[in-house]
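Quick one, what's the 3D model for this:
(one chain, ligands or ions: 1)
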Amino acid sequence: MPRNTAAYIDLNALRANYRTACERAGDARVMAVVKADGYGHGIARIASALADMAPKYAVACIEEAFAIRAAGHAQPVVLLQGVHAAEDLADCAKSQFEPVLHGEHQLQWLEQSGQLPAFWLKVNTGMNRLGFRSEELSEVMARLEKMPAFHGLQGFVSHFACADDAGSAMTSVQTANFEAATLPWPSLMRSVGNSAAHFIPGQPLFDWSRPGVMLYGGSPIVGKTGPELGLEPVMTLEAPLITTRTVRAGESVGYGAAWVAERDTLMGMVAIGYGDGYPRHAGTGTPAAIGGRRIRLIGRVSMDMLAVDLSNVPEAREGDLVELWGRTVGVDEVASCAGTISYELLTGITSRVPRICR
Ligand SMILES: Cc1ncc(COP(=O)(O)O)c(C=O)c1O
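Down below sits the predicted model:
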């Protein structure tokens, strides 16, 4: 009998969040970002659940695009990191994968390959990770126009560095930079908006938006939770209590004796730990829940278990399920207690935890 630790996936919530993205995207079409195994939810199941809604998917790399094809879906798949080898261009052309070409070496591969995939160009408007600088764009386009592959060019992509911070001026600077750089080619498409951009009043999303974390109910905006933004949690992470005991005043619990009881305290051990992807940095006070009632973690998270204070739920017994995050405790709340973001928690759940749709 396996332990009852699982990540339950609510596909109706996913679809509702996709609809929210579409409503917020206005005239832009919405490609569903399903990289990193569908942000930890399972790329095949996420792609399948959105198949009748999403006209395009976006992933980081070609193996993720093949996973979508293996799940039986024919929509074009944008490869946000482009291709990692010249020969991948043939697969792109054959399989309707649309690489975002971001560097000189990739242009050379395109020039030399004779393959004619649909593709995008990445414009570096200030993130400074990937892409051609705006001032290089005319030269790059002049080169491309001489290549037979030019006809595959769909348009331009850029990515925001600070869209999660409502107070940052950088997003409007990047947007202006992007608009100016791409102005000479009005017939080509443009895509710039991640999840956060859907929540910035007046932010243009151009032809295609690219939401990721918001589809899964995670907040893309600093200081706000997903539900506060009208998003529904998709993953509920649950694990059973495997023991309960009273820790006496003065006794400690777990590694490093990091938590010491001030008074006799009813404590439970939960069958989940950092070996499952639950963050070790979530310390005493991080919320969890039993039956919709909030409890708190105490002490250090171990590899396979963690301790909770059951003072709030004294009737709790072995086998009762503890929600680590979900509808009662938001993944954003846990992330903030662990000094990280929901993206890292969702994508970090390990393969030991079965994903179950319900
Ligand atoms: C290029 C690009 N576009 C879109 C996204 C989706 O971002 P988010 O999950 O913040 O919506 C990502 C995610 O990292 C990305 O790298």
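
T350: what's it in contact with?
When contacts are counted by Cβ atoms under 8 Å, 6 or more residues apart in numbering, T350 touches G275, D276, G277. Backbone N, C-alpha and C define where each C-beta goes, glycine included.

top of those residues by neighbour count?
Neighbour tally across those (other Cβ atoms under 10 Å): the maximum, 24 neighbours, falls on D276.

was I right about it contacting R3?
No - D276 is not in contact with R3 according to Cβ atoms under 8 Å; the separation is 10.0 Å.

which residue packs closest to whichever residue of the stretch 201-350 of the chain sits closest to the ligand, ignoring adjacent ones?
Residue of the stretch 201-350 of the chain nearest the ligand, by Cβ to the nearest ligand atom: G212 (2.5 Å). The shortest distance from G212 to any non-neighbouring residue, by Cβ to Cβ, 6 or more residues apart in numbering, is to V33 (3.5 Å).

just to revisit the earlier point, the residue of the stretch 201-350 of the chain closest to the ligand against A197, yeah?
No - here G212 does not reach A197: they are 11.3 Å apart, not a contact under Cβ under 8 Å.

related to what we said a few turns ago, please identify every residue contacting each of D276 and R3.
The contact lists of D276 and R3 share A239, where a contact means Cβ under 8 Å, 6+ apart.

mind checking how far the residue nearest to G212 is from A85?
Counting by Cβ to Cβ, to the nearest Å, the gap from V33 to A85 is 23 Å.

same thing with G26?
Distance, G26 to A85, using Cβ to Cβ: 38 Å.

For G285, which residues are in contact?
Here G285 is in contact with R296, L297, C337 (criterion: Cβ under 8 Å, 6+ apart).

any idea which helix or strand carries the second one?
When you say that, I think you mean L297. L297 belongs to strand 293-298 when assigned by DSSP states H and E.

With G202 instead?
Counting by DSSP H and E, G202 is found in no helix or strand.

Dihedrals phi and psi, G326?
As for G326, its main-chain torsions (degrees, to the nearest 10) stand at phi 160, psi -130.

Hmm, it is touching A239, no?
No - using Cβ under 8 Å, G326 and A239 do not qualify as a contacting pair, with a distance of 11.6 Å.

So for the two, which sits in the more crowded spot?
Set side by side, G326 and A239 show more neighbours around A239, with 26 against 20, by other Cβ under 10 Å.

which residue ranges form the helices in the stretch 101-250 of the chain?
104-113, 137-145, 170-182 (DSSP state H, counting those that start in this stretch).

Mean neighbour count added to the ones you listed, as CSV?
Below are the helices of the stretch 101-250 of the chain laid out as CSV (neighbours: other Cβ atoms under 10 Å):
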stretch, mean neighbour count
helix 104-113, 17
helix 137-145, 14
helix 170-182, 18
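
Tell me which of these lies nearest to the ligand.
helix 170-182 (12.5 Å).

how far is that closest one from where the chain is centred?
Centroid displacement of helix 170-182 relative to its chain, using Cα atoms, centre = their mean, to the nearest Å, is 24 Å.

Now look at it and say if it contacts the ligand.
No - using Cβ under 6 Å from any ligand atom, helix 170-182 stays clear of the ligand, with a minimum separation of 12.5 Å.

Pull the residues that contact that helix.
123, 125-127, 134-135, 137, 155-156, 158, 160-163, 188, 190, 192, 197, 200, 203-204.

do stretch 124-138 as well
Counting by Cβ under 8 Å, 6+ apart, 81, 102-103, 121-123, 140, 157-161, 170, 173-175, 177-178, 180-182, 184 sit against stretch 124-138.

buried set for it?
N124, T125, G126, M127, L130, G131, F132, S134, L137 (16 or more other Cβ atoms under 10 Å).

so which residue of the stretch 51-200 of the chain comes closest to the ligand?
Taking Cβ to the nearest ligand atom, the stretch 51-200 of the chain has S195 as its residue nearest the ligand, at 3.1 Å.

State the mean pLDDT of stretch 100-118.
Per-residue pLDDT over stretch 100-118 has a mean of 93.

what does stretch 165-179 give?
Averaging pLDDT along stretch 165-179 gives 94.

rewinding a little: compare V33 and A85 (neighbour count), which wins?
Comparing V33 with A85 by other Cβ under 10 Å, the one with more neighbours is V33, at 27 against 10.

picking that back up, report how many residues lie close to the residue of the stretch 201-350 of the chain closest to the ligand.
The burial count for G212: 23, using other Cβ under 10 Å.

And D207, by the same measure?
Counted with other Cβ under 10 Å, D207 comes out at 15.

was I right about it contacting G193?
No - assessed by Cβ under 8 Å, D207 is found out of contact with G193, at 10.3 Å.

Which neighbours do the two have in common?
Contact criterion Cβ under 8 Å, 6+ apart; residues shared by D207 and G193: A28.
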